[in-house]
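> Here is my input; please provide its structure:
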Amino acid sequence: MEKVARHRMREIKMWSKLKKEFNDGSFNDKDVNQHQLESYHRMYAGKAKTITKNTSEAEVFNILGQLQSLERIKASGELENNTDKKEQITNDLGAKPKL
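Numbering: from 1, shown residues only. Prediction:
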């Protein structure tokens, strides 16, 4: 377990160094939701383009449902910098509030 823990710490330090080295300001390194929202939107938009008449109904509903949800979230901005909301949810789940 100690060996695994040392490897994980080394990995975290390496990623931190790489983030600093390649941070040109073109991405948000504090809020993963911003990146994931765009990445998932691109992924599901690509999948939507590949739907054919042979695609199963369940798969079509899944792809189009996910894509519509992502577009709604992007349009509403509900994930944009809701630090207070995130902290409230964390507190509601029983975490200790930050002082």
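> Tell me, how many residues neighbour Tyr40?
15 (other Cβ atoms under 10 Å). Bear in mind the C-beta positions are built from the backbone N, C-alpha and C, glycine included.
> Is the nearest residue to Lys19 once chain neighbours are set aside within a helix or a strand, and which one?
Closest residue to Lys19 apart from its sequence neighbours, by Cβ to Cβ, 6 or more residues apart in numbering: Asp29 at 5.5 Å. Assessed by DSSP states H and E, Asp29 sits outside every helix and strand.
> Burial check on Asp29, number of neighbours?
13.
> Verify the contact between it and Phe22 for me.
No - between Asp29 and Phe22 there is no contact under Cβ atoms under 8 Å: 9.7 Å.
> Mind jotting down where the helices sit in the chain?
2-22, 32-49, 57-76, 83-92 (DSSP state H).
> Just the angle for the third one relative to helix 32-49, thanks.
If I follow you right, that is helix 57-76. Relative orientation of helix 57-76 versus helix 32-49 (axes from the mean of the first three to the mean of the last three Cα atoms, to 10 degrees): 140 degrees.
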